[in-house]
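In: below are the sequence and a predicted model; questions follow.
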Amino acid sequence: MSSAETYFDPYGQSPPPGEWNYILDDFSVHYGPGWWPFYRDGRPCGIRVSPDTDYRAWRNEYVTLRPGTDAGVTAKATLHCRPQGLGAIVVDVRIHIDLRARTTRIVTGCPDEVREQAETKATRLLAFLVAHRRARRQGEPEPVTAHQVWTARDVTSR
């Protein structure tokens, strides 16, 4: 990987091991009409998602998603390249998601060494969006957030 594509993140971390999904890690988000399911104050809004394995600061594992035109979505993800000291070398990528066609495409140059990681994240992001479109169709008023899951776990563990 060339140094122009990657950079040092002093708090960078590896993706969680095993199978996991994305969860909404944002606030005041409700469902709304159209291809893009997430709204804030009556308008489509960008959101942040994180792995659903823990409720914590995810740093480079957060992904931001923004609605585009029609059924298009743009995601900004940061990929873990390798550990470096107490942090990591990472690289930013942009992912285009077409909700109508249910396809994903890595938009920016992605180093070969992390291509599989990028494609896995893209697939998980598409699954996240499809699941929330389904929940909205089934009448759910708002998406469940990482904070709500964490709070529910804390209450039930007492």
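Out: Everything's here; your move. Numbering: from 1, shown residues only.
In: in what helix or strand does Ile95 lie?
Out: Using DSSP states H and E, Ile95 falls within strand 87-98.
In: name the strands paired with that strand and say parallel or antiparallel.
Out: Paired strands of strand 87-98, with direction, are strand 7-9 (antiparallel), strand 72-84 (antiparallel), strand 103-106 (antiparallel) (DSSP bridges).
In: among those strands, which is the most enclosed?
Out: By mean neighbour count, with neighbours taken as mean count of other C-beta atoms under 10 Å, strand 72-84 ranks first of the strands paired with strand 87-98 at a mean of 19. In short, each C-beta sits where N, CA and C put it, glycine included.
In: could you point out which of the strands paired with strand 87-98 sits nearest Gly32?
Out: Among the strands paired with strand 87-98, the nearest to Gly32 by C-beta to C-beta is strand 72-84 (14.3 Å).
In: so for that closest one, mean pLDDT?
Out: Confidence for strand 72-84, expressed as mean pLDDT, is 96.
In: stretch 32-48 now?
Out: For stretch 32-48, the mean confidence score works out to 97.
In: how far is that stretch from where the chain is centred?
Out: When distances are taken as C-alpha atoms, centre = their mean, to the nearest Å, stretch 32-48 is centred 15 Å away from the chain's centroid.
In: check which residues of it are buried.
Out: Neighbour counts over stretch 32-48 (16 or more other C-beta atoms under 10 Å) mark Trp35, Trp36, Pro37, Phe38, Tyr39, Pro44, Cys45, Gly46, Ile47, Arg48 as buried.
In: same check on stretch 130-147?
Out: Of all the residues in stretch 130-147, those buried under the rule 16+ other C-beta under 10 Å are His132, Arg133, Ala135, Arg136, Pro143, Thr145, Ala146.
In: which residues touch Gly87?
Out: Taking C-beta atoms under 8 Å, 6 or more residues apart in numbering as the definition of contact, the neighbours of Gly87 are Phe8, Asp9, Pro10, Tyr11, Gly12.
In: of all pairs in those, which one spans the longest distance?
Out: Within the contacts of Gly87, Phe8 and Tyr11 form the most distant pair, 10.2 Å apart (C-beta to C-beta).
In: what are the ranges of the helices in this structure?
Out: 115-137, 146-156 (DSSP state H).
In: quick one: low-confidence ranges for the protein?
Out: Low-confidence segments of the chain, defined by pLDDT under 70, are located at 1-4, 154-158.
In: Lys121 contacts Ala77, doesn't it?
Out: Yes - A contact is recorded between Lys121 and Ala77 when judged using C-beta atoms under 8 Å, the distance being 5.3 Å.
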